[in-house]
Each structure stands twice: as structure tokens, then as C-alpha cells.
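In: I would like to see how this sequence folds:
(one chain, ligands or ions: 1)
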Amino acid sequence: MEESDPENVTLITADASKHYDLIYKMFVEKFSQSAPMPVALGATPEDMDKFFKQIVDNTLTQNNSILAYIGEKCVGFALNFIETEPKKSNINPEEDFDGDLTEEIAKNHWGNFPANAIAAMMSESSKNFEYYIPDSKKFFKLRILYVDPEQTGKGIGTKLVAKCIVIAKMNECDHLITIAAAAASAHGFKVVREIPVSAYKQNEKQIFSNLPDGCKNVKLMILKI
Ligand SMILES: CC(C)(COP(=O)(O)OP(=O)(O)OC[C@H]1O[C@@H](n2cnc3c(N)ncnc32)[C@H](O)[C@@H]1OP(=O)(O)O)[C@@H](O)C(=O)NCCC(=O)NCCS
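Out: Reported below is the predicted structural model:
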């Protein structure tokens, strides 16, 4: 069997005490140079460092993230978080959407434009998403999905998502939610919302022009478990 066969992929639960540095390094150095949003904005690993560190810190407080290995090499991960106290929202995000990120970017939480813009975009995209899962008591959030560019297109991402679903079920989550430019077709996700990337603006100017993966929308996807 070739190394590239997804059958050779081993999935393990991330343990902060063992894998923190590995995940942090891959996320900052590799993800920042291959994910559509940072690439579209020409972000450097240094630009994304603070913001991405916060995501690693938040997700690795729980043992629900997954690493994919081929042999000794880590080739991808899913950074996840289980929310046990979902807030309620009866505000329809479609009606409340404000693509003007000027003010949020100006707060300069992350010290540079690409990180500020991506953080503001992610926050606006997920605002009040609880509207779509009004009865949720516990949900699973797949925050970041990453596969090494040399190993993409072989089903490793799909395997990671499948494992997320297993963990969500094991933890009795009622929904799995994720936001991505790519649409997940394989697992029965429902796309509840699509936001054109052209809708995000700073000083009336579009922030993202063409995403390198050709995706035109950010999708909010929900899987009922
Ligand atoms: C997107 C990426 C993870 C795909 O990896 P891959 O191993 O080639 O993936 P596969 O061929 O197994 O396909 C993965 C599936 O997950 C989907 N997917 C991508 N992001 C997803 C997310 N956040 N949640 C659920 N599914 C997602 C893909 O569209 C694809 O869908 P399908 O097979 O159901 O149609 C990889 O190219 C990558 O890491 N890209 C850079 C980072 C990025 O864009 N991550 C996604 C946003 S956080």
C-alpha cells in the first residue's frame, strides 16, 4: 500500500501536554500559508501568530481535537471545541449582518491588518449562529481543518471530519457546526448560510478579492447529530 493511501492515516486525539508546540507551529507556519483567507491577504506567519495562538489555546483546553499522522509525520489536524452552554439567539444573522469591518479592524486586537481582518470576518460570520440551532444543549464546533498541501485530495480531510462526528456523538452533542469556504458534501452537512466574500469591507472597499481556492462564499454548515 502506498503511503498516500488514506488507509495508512492514523488519527489520534490531541493532547496539549504532548502536541501543543507541534500544532501551534503547523498552524502558524503552514496553515497561514495555505488557507484561502490568509493567502488572499498575503499574511505572513508572524502576522497570524497571536490570533492563531489564541485559537490553539482555546481548543486545546479540551481533548476534542484530532491529529492525522502518516507514519511519524503529522499531516493534518482538526481543532475542535465542545460548547456545553450554548447561548440562545433569536436574532436572524441574515437580517443583522454588517459586512463593514472598518471599526472592528481599527481596534487592532491582533497587531496587523490580515489578522485583524480575518478575525473580524470570522466573528461577523459566526455572529448569532445559535439562531439556527435553537434547541441545542451541547454542540461541537469544528474550528479549523488543515491538511498538509502535499497530502491533500486523498481523503484525509474527510477522515478528520468523520472522526469529529464520532467524537461529537460520543460526547452527546446535538449538532456539529463549522464555517469554511469549501462546502462539505460528504457527511450530510446543511449549509444554513452563505456570505459572499465580497460583502466584507473596510472603508467601503472590498477586503477579499479572489480567494485562491476560487470559493466565492463563506459557508456556515451544520450537521444535526
Ligand atoms: C480544505 C482541506 C482541509 C481539504 O483537505 P483534503 O485532505 O484534501 O480533504 P478531502 O479531499 O478529504 O476533502 C475534505 C472535505 O472536507 C470539506 N471541508 C473543508 N473544510 C471543512 C470544514 N471546516 N468543515 C467540514 N468540511 C470541510 C471539503 O470541502 C471536502 O468536502 P467533501 O469531501 O465532503 O466534498 C485542505 O485543503 C486544507 O487544509 N486547506 C487549507 C486550510 C483550509 O482551507 N481549511 C478549511 C477552512 S478552516
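In: For the rest of this, base every contact and every neighbour count on C-alpha atoms.
Out: OK.
In: Contacts for stretch 9-19 next, please.
Out: Here stretch 9-19 makes contact (CA atoms under 8 Å, 6 or more residues apart in numbering) with 60-61, 63-71, 156, 160.
In: any chance of these in TSV, plus neighbour count and distance to Met48?
Out: Shown next, in TSV, are the contacts of stretch 9-19 (neighbours: other CA atoms under 10 Å; distance: CA to CA, whole Å):
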residue	neighbour count	distance to Met48
Leu60	21	18
Thr61	12	20
Asn63	15	24
Asn64	23	23
Ser65	27	20
Ile66	22	21
Leu67	22	21
Ala68	25	23
Tyr69	17	24
Ile70	18	27
Gly71	11	29
Ile156	27	24
Leu160	25	23
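In: can you give me the strands in the protein?
Out: 9-13, 66-70, 73-83, 139-147, 175-180, 190-196, 201-202, 205-206, 217-224 (DSSP state E).
In: closest to the ligand out of the ones you listed?
Out: With CA to the nearest ligand atom as the criterion, the ligand lies closest to strand 139-147 of the strands of the chain, at 3.3 Å.
In: So is that closest one next to the ligand?
Out: Yes. Strand 139-147 lies within reach of the ligand by CA under 6 Å from any ligand atom, at Ile144, Leu145, Tyr146, Val147.
In: how about the third one, what does it touch?
Out: Residues in contact with Tyr146, defined by CA under 8 Å, 6+ apart, are Phe31, Gly76, Phe77, Ala78, Gly157.
In: correct me, but the second one touches Ala68?
Out: So that's Gly76. Yes. Assessed by CA atoms under 8 Å, Gly76 is found in contact with Ala68 at 5.0 Å.
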